[in-house]
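A.B. asks: no FASTA, just this:
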């Protein structure tokens with residue numbers, strides 16, 4: 001990933017506030033109003049209480065006292081009610097404010113996640129960014145910064161008014177209060193920064209900790225662990241990462257506790273100093289009893305305000321680096337490295353053009369490690385092509401290019417006469433059915449798992465059943481039904497499937513929608529050679545005028561194809577029919593002779 005200039009903390013705060021204004025402007029304004037009122041409550045309470053005490057202890061008449069006290073007492077009652085209600089109001093408002101922002105930012109993160117090019121997962125730095133950012137829980141940090149920044153500003157305004165009152169009483173009071181604010185702020189900033197640094201440095205270890213902890217919690221893993229007696233081994237593996245992580249966080253907590261003790265001690269000294277000074281001034285008739293009460297309450301309000309400020313500062317300040325990561329992730333231009341980056345205005349429509357045309361294609365996943373070398377290939381409409389070769393020859397890499405998952409380093413690819421860069425992924429997915437070697441089962445209902453091949457047709461159960469029959473998954477349907485969950489990762493009532501059964505579901509997906517092209521990458525790799533051959537026979541019988549690319553490192557199935565391509569060291573070294581390639585005595589013949597004994601039981605079928 002390219003290094004970008006790091007945004008300042010203030011930039012991140014403004015970005016979070018802009019998000020809040022866009023998502024819930026009404027709640028943002030109300031939250032601002034609540035915090036402005038909060039900033040005024042403490043000084044207003046102190047002034048009113050001081051006035052009431054002075055009025056109550058003055059020598060004026062009873063009738064005049066009642067009249068003079070009526071408004072301040074009423075105001076004091078209102079203020080006390082507001083202060084009592086403020087805690088409940090702020091919690092309710094805060095929760096609604098945070099929920100709205102979290103939900104919307106989570107949606108933005110999910111949208112970005114769905115657009116990640118497969119090639120991006122080869123970038124280690126990008127994957128680490130995903131660990132930090134691509135989580136809906138991380139969205140709450142944007143809300144925390146937006147909400148917390150307004151709360152902290154309110155706290156600052158409140159403390160500022162209290163400091164002004166302290167300065168009017170004594171310069172020493174002001175200096176002591178400022179020292180307490182500075183120490184509390186520095187401690188919070190250090191603690192928040194340290195916590196984020198530890199979280200970022202240990203992100204991989206944290207994932208390992210969660211992984212080790214979860215390993216014994218599934219039946220599949222549990223079977224291996226119990227059978228091999230690995231219980232203690234996994235506990236040790238978990239502790240090897242969990243204990244150092246816990247020690248690091250404990251160090252931060254100890255520092256936090258020591259800092260809190262320091263601020264508490266300074267707060268006590270501040271209160272003692274203000275009370276001793278106030279008592280001395282009162283004894284010398286320099287101040288009134290109301291002013292003495294004001295000093296006493298001012299010391300309490302300063303302590304509470306500074307403690308509240310420190311508590312409110314920690315979370316938003318600690319969240320700023322996380323929001324910076326989220327902002328950087330959401331602003332990534334993921335489409336820059338896509339193979340399919342068209343605007344959707346060019347549709348493949350030339351039925352006479354080659355389905356695929358590759359010209360001098362070279363590709364490697366990492367720089368300097370080329371896998372495909374100057375490869376050229378033309379696939380015509382209606383051809384059934386077998387792509388053969390030993391493991392590691394580049395078959396799956398070629399399929400990754402044909403399906404648009406990766407962009408070529410050199411050369412060009414066109415589909416039905418349209419260059420890949422002028423197509424969109426959606427356009428290609430509507431005309432191509434793909435079954436990869438490792439079928440991904442998402443844990444949905446069986447009908448949903450199959451309909452994923454063309455999800456728009458999910459309501460068409462007749463089409464789903466047809467795809468199931470063509471993909472050889474009818475026995476699975478008969479056994480578990482269309483409305484049963486596949487797998488038990490997320491629903492314990494689901495059915496466990498074998499590797500071969502999962503692959504049949506993958507093939508059924510590819511048949512959804514009668515697409516123009518079928519790409520089946522090792523669709524029966526989990527089966528033995530004979531079963532694989534017979535499954536290829538079934539698939540061959542279900543291909544109805546479509547162009548099909550069938551891939552396997554086992555070569556017996558190739559006799560079912562119209563055309564055989566043999567790959568070796570990232571190049572197509574042979575191209576022809578079974579009879580033609582056997583007659584040449586090259587790579588294909590050597591592979592076929594080496595594997596021939598696997599297919600003795602089906603020799604008469606071909």
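C.D. replies: On my side now, so go ahead. All values reported here derive from a predicted model rather than from experimental measurement.

A.B. asks: just list the residues touching residue 440, thanks.
C.D. replies: Contacts for residue 440 (C-beta atoms under 8 Å, 6 or more residues apart in numbering) come out as residue 506. The C-beta positions use only the backbone N, C-alpha and C, and glycine is treated the same way.

A.B. asks: distance check, it against residue 170.
C.D. replies: 71 Å (C-beta to C-beta, to the nearest Å).

A.B. asks: again with residue 24
C.D. replies: Distance of residue 24 to residue 170, computed by C-beta to C-beta: 44 Å.

A.B. asks: ditto for residue 357
C.D. replies: Residue 357 is 87 Å from residue 170, where distance means C-beta to C-beta.

A.B. asks: what does residue 572 give?
C.D. replies: Distance, residue 572 to residue 170, by C-beta to C-beta: 89 Å.

A.B. asks: so between those two, which is more surrounded?
C.D. replies: Counted by other C-beta atoms under 10 Å, residue 572 and residue 170 do not tie: residue 572 has more neighbours, with 19 against 16.

A.B. asks: in space, what's closest to residue 360 - neighbours in sequence excluded?
C.D. replies: Once flanking residues are discounted, residue 360 sits nearest to residue 411: 4.1 Å by C-beta to C-beta, 6 or more residues apart in numbering.

A.B. asks: err, residue 358, not the other one
C.D. replies: In space, residue 358 comes closest to residue 377 once its chain neighbours are excluded; the distance is 4.4 Å by C-beta to C-beta, 6+ apart.

A.B. asks: so which strand or helix has that neighbour?
C.D. replies: strand 372-379 (DSSP states H and E).

A.B. asks: quick check, the residue nearest to residue 358 in contact with residue 356.
C.D. replies: Yes: here residue 377 reaches residue 356: they are 6.8 Å apart, a contact under C-beta atoms under 8 Å.

A.B. asks: looking at those two, which one has more neighbours?
C.D. replies: residue 356 (21 against 18).

A.B. asks: could you point out which element follows the helix or strand bottoming out on mean pLDDT in the chain?
C.D. replies: Every helix and strand of the chain was ranked by mean pLDDT, DSSP states H and E. The lowest is helix 62-114, at a mean of 72. Of the helices and strands lying after helix 62-114 in sequence (DSSP H and E), the nearest is helix 124-133.

A.B. asks: next, the buried residues of that next one.
C.D. replies: 126, 129, 130, 132, 133 (16 or more other C-beta atoms under 10 Å).

A.B. asks: what sits against residue 390?
C.D. replies: Residues counted as contacts of residue 390 (C-beta under 8 Å, 6+ apart) are 553, 568, 591.

A.B. asks: residue 357: what secondary structure?
C.D. replies: Following DSSP: H, G, I helix; E, B strand; the rest coil, residue 357 is assigned to strand.

A.B. asks: what about it, neighbour count?
C.D. replies: By the criterion of other C-beta under 10 Å, residue 357 has 18 neighbours.

A.B. asks: for it, which non-adjacent residue is spatially closest?
C.D. replies: Spatial nearest neighbour of residue 357, chain neighbours left out: residue 414 (4.7 Å); criterion: C-beta to C-beta, 6+ apart.

A.B. asks: circling back to that earlier point, may I see the buried residues of helix 124-133 arranged in a markdown table, with distance to residue 176 and pLDDT as well?
C.D. replies: Shown next, in a markdown table, are the buried residues of helix 124-133 (distance: C-beta to C-beta, whole Å; pLDDT from 0 to 100):
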| residue | distance to residue 176 | pLDDT |
| --- | --- | --- |
| 126 | 50 | 83 |
| 129 | 45 | 79 |
| 130 | 48 | 82 |
| 132 | 41 | 74 |
| 133 | 43 | 77 |
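
A.B. asks: let's have those in JSON lines, adding distance to residue 445.
C.D. replies: Formatted as JSON lines, the buried residues of helix 124-133 follow (distance: C-beta to C-beta, whole Å):
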{"residue": "126", "distance to residue 445": "33"}
{"residue": "129", "distance to residue 445": "34"}
{"residue": "130", "distance to residue 445": "28"}
{"residue": "132", "distance to residue 445": "33"}
{"residue": "133", "distance to residue 445": "31"}
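
A.B. asks: ok, now how distant is the residue nearest to residue 358 from residue 92?
C.D. replies: Residue 377 sits 64 Å away from residue 92, going by C-beta to C-beta.

A.B. asks: list the contacts for the closest residue to residue 574 other than its chain neighbours?
C.D. replies: Nearest non-adjacent residue to residue 574, counting by C-beta to C-beta, 6+ apart: residue 566, 3.9 Å away. For residue 566, the contacting residues are 388, 389, 572, 573, 574, 575, 581, 586, 587, 588, 591, by C-beta under 8 Å, 6+ apart.

A.B. asks: if we can go back for a sec, and the contacts of residue 390, which of them are in helices?
C.D. replies: Among the contacts of residue 390, the residues falling in helices (DSSP state H) are residue 591.

A.B. asks: could the contacts of residue 390 go into JSON lines alongside distance to residue 498?
C.D. replies: Listed next are these as JSON lines, based on distance: C-beta to C-beta, whole Å:
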{"residue": "553", "distance to residue 498": "20"}
{"residue": "568", "distance to residue 498": "32"}
{"residue": "591", "distance to residue 498": "28"}
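
A.B. asks: which one of the contacts of residue 390 is nearest to residue 40?
C.D. replies: Lowest distance from residue 40 to those (C-beta to C-beta) belongs to residue 553, with 76.1 Å.

A.B. asks: could you measure from the nearest residue to the closest one once chain neighbours are set aside over to residue 591?
C.D. replies: Leaving aside its sequence neighbours, residue 553 sits nearest to residue 391 (C-beta to C-beta, 6+ apart; 5.3 Å). According to C-beta to C-beta, residue 391 stands 12 Å off from residue 591.

A.B. asks: more crowded one of these two?
C.D. replies: residue 591 (21 against 7).

A.B. asks: residues in contact with the residue nearest to residue 358?
C.D. replies: Counting by C-beta under 8 Å, 6+ apart, residue 377 touches 356, 357, 358, 361, 565, 572.

A.B. asks: re the thing from before, contacts only, for the residue nearest to residue 357.
C.D. replies: When contacts are counted by C-beta under 8 Å, 6+ apart, residue 414 is found next to 353, 354, 356, 357, 420.

A.B. asks: can I get the residues you listed in CSV with distance to residue 30?
C.D. replies: Formatted as CSV, the contacts of residue 414 follow (distance: C-beta to C-beta, whole Å):
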residue, distance to residue 30
353, 61
354, 63
356, 59
357, 61
420, 51
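
A.B. asks: so which of these comes closest to residue 194?
C.D. replies: Closest approach between the contacts of residue 414 and residue 194, by C-beta to C-beta: residue 420, at 47.9 Å.

A.B. asks: excluding sequence neighbours, find me the nearest residue to that closest one.
C.D. replies: With C-beta to C-beta, 6+ apart, the residue lying closest to residue 420 is residue 413, at 4.7 Å.

A.B. asks: so where's the stretch 401-550 of the chain shaky on pLDDT?
C.D. replies: Residues of the stretch 401-550 of the chain that meet the criterion pLDDT under 70 lie in 525-528.

A.B. asks: that one: helices as residue ranges?
C.D. replies: 425-431, 446-451, 461-470, 474-480, 499-511, 529-542 (DSSP state H, counting those that start in this stretch).

A.B. asks: go on, the stretch 251-400 of the chain?
C.D. replies: Under DSSP H, counting those that start in this stretch, the stretch 251-400 of the chain gives helices at 289-330, 395-402.

A.B. asks: residue 245 against residue 206, yeah?
C.D. replies: Yes: using C-beta under 8 Å, residue 245 is in contact with residue 206, at 6.6 Å.

A.B. asks: domain map for the protein?
C.D. replies: By the assignment in automatic domain parsing, the chain contains the domains 9-333, 356-598.

A.B. asks: out of those domains, which is the most enclosed?
C.D. replies: Highest mean neighbour count among the domains of the chain (mean count of other C-beta atoms under 10 Å): domain 356-598, with a mean of 18.
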